[in-house]
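> here is my input; please provide its structure:
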Amino acid sequence: MKKVLITLGVVILLIVVGGVSYAYYLYHSVKSTANNIYEPVGNHTTSLSNKKPISILLMGVDERPNDRGRSDTLIYMTLNPKTNKMVMMSIPRDTRTEIAGRGTINKINAAYAYGGTEMAMNTVEKFLDVPVDYYIKMNMEGLSKLVDAVGGVTVYNNISWHDEGYYKKGYYYKKGNIELDGAKALGYVRMRHLDPRGDFGRNERQRDVIMAIVNKASSISSVSRYNNILDAIQGNVKTNLTFDEMKSIAENYRGVKNNVENYELKGQGTKINGIYYFIVGDQEKQKVHNMIMEQLGER
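Model prediction:
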């Protein structure tokens, strides 16, 4: 049976750079899923014809009925097929900045609450003075379903804790390598109050789980698993990547997942009028801007 390279990958599963081999008859299911999750916004897009470096904003949101929610997770990602390198840069949700299109100062995660995906993308662009070509938005409940869809993941946990906070699931996360199903993974990536590093520790756990999903999906050979993955994606993920763009990334950018660099914005936490903010100084913003533009190269 003819095989085809298609992924919904590091980007739909964050699946796009996974480089997974699908049986031919799954092609139409993948295409249908890609079409269903496609949601363009504004002028955010670019051409992949010359295999140039691109940027993608990963957003994890907590959406509920009649409530858009806020972007709990923001990861600015660059994919450079020429250097075969991917950079994942976490932006703390409490980062204080101007909300693009409103002219007000607030936490960066408020941009999504005010103006949805487009305002969130525009705010990140304004904050770092960098382009955002594409986005992938995932409801955090969808992350749990994806972990279950790939059969669970294994990550290295830096600290141990009992989950007795908001969710009160009673899970114990030991230090060292741990196996996570969907429910445990959701608790793992949401926890921050029991971590001395706060948001920094949580952001690291989120990146680790994302890459664990990608790597696990890349090794799956079961058709039933792929059907489960597609089901998990439906209704939980939106992106402005078209099906053809996903194929292009799968074919030309998949090598970047073997060379991943993580970066966390540096700054200082403080309270202003009784509200906690994370302040990123001009020097740090310039440093990050330069780092991103170097990764994006000539465009």
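> what's Asn109 sitting at in phi/psi?
Per-residue torsions, Asn109: phi -70, psi -10 (degrees, to the nearest 10).
> which strand or helix spans the residue nearest to it when sequence neighbours are not counted?
Leaving out its chain neighbours, the residue that sits closest to Asn109 by CB to CB, 6 or more residues apart in numbering is Arg93, at 4.0 Å. In short, each C-beta sits where N, CA and C put it, glycine included. Using DSSP states H and E, Arg93 sits in no helix or strand.
> next up, the contacts around Arg93.
Going by CB atoms under 8 Å, 6 or more residues apart in numbering, Arg93 touches 70-74, 107-109, 199.
> swap in Ile75?
For Ile75, counting by CB under 8 Å, 6+ apart, the contacting residues are 57-58, 88-91, 203, 206-207, 210.
> just curious, which of those is nearest to Asn36?
Nearest to Asn36 among the contacts of Ile75: Leu58, at 19.1 Å, using CB to CB.
> now the contacts of Ile75 in TSV, with distance to Ala232, neighbour count and secondary structure?
TSV is the format used below for these (distance: CB to CB, whole Å; neighbours: other CB atoms under 10 Å; DSSP: H, G, I helix; E, B strand; the rest coil):
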residue	distance to Ala232	neighbour count	secondary structure
Leu57	21	22	strand
Leu58	16	24	strand
Met88	21	22	strand
Met89	25	23	strand
Ser90	23	21	strand
Ile91	25	26	coil
Asn203	23	25	helix
Gln206	17	23	helix
Arg207	19	22	helix
Ile210	14	24	helix
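> in JSON lines: those residues, plus pLDDT.
As requested, these are exported to JSON lines (pLDDT from 0 to 100):
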{"residue": "Leu57", "pLDDT": "93"}
{"residue": "Leu58", "pLDDT": "89"}
{"residue": "Met88", "pLDDT": "88"}
{"residue": "Met89", "pLDDT": "91"}
{"residue": "Ser90", "pLDDT": "88"}
{"residue": "Ile91", "pLDDT": "93"}
{"residue": "Asn203", "pLDDT": "79"}
{"residue": "Gln206", "pLDDT": "82"}
{"residue": "Arg207", "pLDDT": "79"}
{"residue": "Ile210", "pLDDT": "80"}
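> burial measure for Met138, as a count.
Using other CB atoms under 10 Å, Met138 has 26 other residues around it.
> so which of the contacts of Arg93 belong to helices?
Asp199 (DSSP state H).
> once you drop chain neighbours, what's closest to Lys285?
In space, and not counting its chain neighbours, Lys285 is closest to Leu128: 6.3 Å by CB to CB, 6+ apart.
> helix, strand or coil for Lys271?
In three-state terms, and counting by DSSP: H, G, I helix; E, B strand; the rest coil, Lys271 is strand.
> give the contact list for it.
For Lys271, the contact set (CB under 8 Å, 6+ apart) comprises Tyr277.
> in the sheet, who's paired with Tyr134?
Under DSSP bridges, the beta-bridge partners of Tyr134 are Ile56.
> could you count how many residues lie near it?
As a burial measure, Tyr134 scores 25 neighbours (other CB under 10 Å).
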